[in-house]
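In: sequence and computational prediction follow.
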Amino acid sequence: MTEVSLSRRVPAPADDVWELVGDFFKLADWHPAVTSSEPESGQQTRRLTLGDGSQIVEELVSNDDGSRTYTYSIVHPGPLPVKNYQGTIHVEADGEEAVVTWSGSFDPVGEAETAQQALQDVYAAGLDNLRKLFSR
């Protein structure tokens, strides 16, 4: 199992950040690589469409609004070089700001470094954009 984790400080109250990030089906509202996030087969699965048209299917494993955390697994990785992926997004308060941590564990398909870098890039793009959205 390989792990990746990335955190960013966001200039907004944790509850405000969680309101956006904590909705499993709203990833397209804050991640620039995701053009749409649609629920499918019930309420626990989302189909993400990326800018190049490729798709990823993810399933919500657990959601805890009290601790501002949700965990999900990837059912169909699309272009990501991973299998057995499980990710967690956590928003915590730090004074008047929030710290958002996105972490994942997975088995790489191919080179481990390539898979780690791919996920690091996904996390960074989303978290950096989240920070920009709340900096306005």
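Out: Looks like it arrived, so ask away. Residues are numbered from 1 along each chain as shown.
In: doesn't residue 31 make contact with residue 126?
Out: Yes: Residue 126 lies in contact with residue 31 (CB atoms under 8 Å); the separation is 4.1 Å. (Each C-beta comes from the backbone N, C-alpha and C, glycine too.)
In: contacting residues for residue 12?
Out: Contact analysis of residue 12 by CB atoms under 8 Å, 6 or more residues apart in numbering lists 97-98, 134.
In: need the residues you listed in TSV (columns: distance to residue 110, pLDDT and secondary structure).
Out: Conversion of those to TSV gives the following (distance: CB to CB, whole Å; pLDDT from 0 to 100; DSSP: H, G, I helix; E, B strand; the rest coil):
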residue	distance to residue 110	pLDDT	secondary structure
97	37	96	strand
98	35	97	strand
134	35	95	helix
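In: among the residues you listed, who's most crowded?
Out: Taking other CB atoms under 10 Å as the neighbour criterion, residue 98 ranks highest of the contacts of residue 12 with 25 neighbours.
In: quick check: beta-bridge partners of it?
Out: Beta bridges link residue 98 to residue 10, residue 93, judged by DSSP bridges.
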